[in-house]
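Novice: Below: sequence and its predicted model.
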Amino acid sequence: MSSALPATNLPGAIPTLNSRGFMLEALDEYATEFAAVAGQAHHEVLDMGCAYGVATLAALDKGAKVCACDMEPAHLNILTERAKPEHKAALRTVVGLLPDVEFSAQSFDAILASRVIHFLTGDDIRITLRKMFNWLTPGGKLFLVVDTPYMPGWNSIVPSYETKKAAGEPWPGFIPDFASVRRTSAGDPPAPEFLNTLDPDILARECKAAGFDVQRASFFGLQRLGKDSNGREHAGCMAVKPISV
Ligand SMILES: C[S@@+](CC[C@H](N)C(=O)[O-])C[C@H]1O[C@@H](n2cnc3c(N)ncnc32)[C@H](O)[C@@H]1O
């Protein structure tokens, strides 16, 4: 089995093998905090939608026990091969599809879902966040990162998103026919059928509705773009499961 990552023509972004975008090789502020929290955790942590494990490997380096979950088994095979021999015992891989995947209640001290829940409908995001609440130990932390409407590849939707948001639509960044909207470059993986681009307000609203205390929700820039970033290509949220629920 090869541990080689697939070739890319976008430095810092590795294409997935299942048309679900790219894994970004640089950790953002939310994934960095997840890895630090994971290193101090008593129980296992969950990296949901881990792809080839950029955050999983960082958490393992910090001494964490990590459950790495992804819908695509080939991603997990590559991740397993990439893990250092001394970290293999601390790594568990699970093939699982949101929102159906199940884990035991109160089994994780932290969960990262980085750039995965925008592949779900609004209803499935709600199911997913309630499940994640159940999977976390009391005091456990949830880190979410998503793509927003302001990504250059599909920012033609921004006027419609802003109009729908102002009108109070719950999922104003939902793009039903994503292939017809996405600007493509040579070598891009095929597009998923739809993309539910999100923003910090929506993340905070849905985390609160699932029972979490929201600590922080923000836009932030796609690091790969450097000075060309508009500072809003991504959104993140850090939320805590209250100790007494
Ligand atoms: C855009 S990549 C993000 C990878 C990495 N977490 C990051 O932030 O760079 C999305 C990953 O989520 C996985 N994924 C997408 N939809 C999923 C779902 N419904 N259930 C589980 N995994 C999913 C894909 O297979 C892919 O590996």
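Specialist: Ah, there it is. Residues are numbered from 1 along each chain as shown.

Novice: So which bits of the chain are right by the ligand?
Specialist: Taking CB under 6 Å from any ligand atom as the contact definition, the chain meets the ligand at 16, 18, 20-24, 49-51, 54, 70-72, 75, 97-98, 114-116, 119. All C-beta spots, glycine's among them, are computed from the backbone N, C-alpha and C.

Novice: For whichever strand or helix holds residue 202, name the packing helices and strands.
Specialist: Applying DSSP states H and E as the criterion places residue 202 in helix 200-209. Applying 3 or more CB pairs under 8 Å, 6 or more residues apart in numbering; DSSP states H and E, we find helix 200-209 packed against helix 122-135, strand 136-147, strand 213-220, strand 234-240.

Novice: rewinding a little: please pick the buried ones from the residues of the chain next to the ligand.
Specialist: 16, 18, 20-24, 49-51, 54, 70-72, 75, 98, 114-116, 119 (16 or more other CB atoms under 10 Å).

Novice: any idea how far the residue of the chain positioned farthest from its centre lies from residue 149?
Specialist: The outermost residue of the chain, judged against the average C-alpha position, is residue 167 (27.2 Å), by CA atoms, centre = their mean. For residue 167, the distance to residue 149 equals 15 Å [CB to CB, to the nearest Å].

Novice: Same question for residue 101.
Specialist: The value you get for residue 101 to residue 149, if CB to CB is used, is 27 Å.

Novice: higher neighbour count, the two?
Specialist: For residue 101 and residue 149, the more surrounded residue by other CB atoms under 10 Å is residue 149, and the numbers stand at 26 against 16.

Novice: residues touching the more buried one, list them.
Specialist: When contacts are counted by CB atoms under 8 Å, 6 or more residues apart in numbering, residue 149 touches 155, 157-158, 161, 172-173, 197, 199.

Novice: Export these to TSV and append columns for neighbour count and pLDDT.
Specialist: Formatted as TSV, those follow (neighbours: other CB atoms under 10 Å; pLDDT from 0 to 100):
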residue	neighbour count	pLDDT
155	18	96
157	20	97
158	16	98
161	22	98
172	21	98
173	26	98
197	24	98
199	21	98
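
Novice: if we can go back for a sec, got the contact list for the helix holding residue 202?
Specialist: Helix 200-209 is contacted from outside by 125-126, 129, 142, 144, 146, 170-171, 173, 214, 217-219, 235-237, 239, using CB under 8 Å, 6+ apart.

Novice: Burial check on residue 11, number of neighbours?
Specialist: Neighbours around residue 11, by other CB under 10 Å: 7.

Novice: And the one 4 residues further on, by the same measure?
Specialist: Applying other CB under 10 Å, we find 21 residues neighbouring residue 15.

Novice: Give me the nearest residue to it, chain neighbours excluded.
Specialist: residue 189 (4.6 Å; CB to CB, 6 or more residues apart in numbering).

Novice: Pull out the buried positions in stretch 119-131.
Specialist: 119-120, 125-126, 128-129, 131.

Novice: I meant to write stretch 133-145 there.
Specialist: Buried, per 16+ other CB under 10 Å, within stretch 133-145: 133-137, 140-145.

Novice: pLDDT on it, on average?
Specialist: Averaging pLDDT along stretch 133-145 yields 98.

Novice: now it, how far from the centre of its chain.
Specialist: 14 Å (CA atoms, centre = their mean, to the nearest Å).

Novice: residue closest to the middle of the chain?
Specialist: For the chain, the residue nearest the mean C-alpha position is residue 114 (1.6 Å; CA atoms, centre = their mean).
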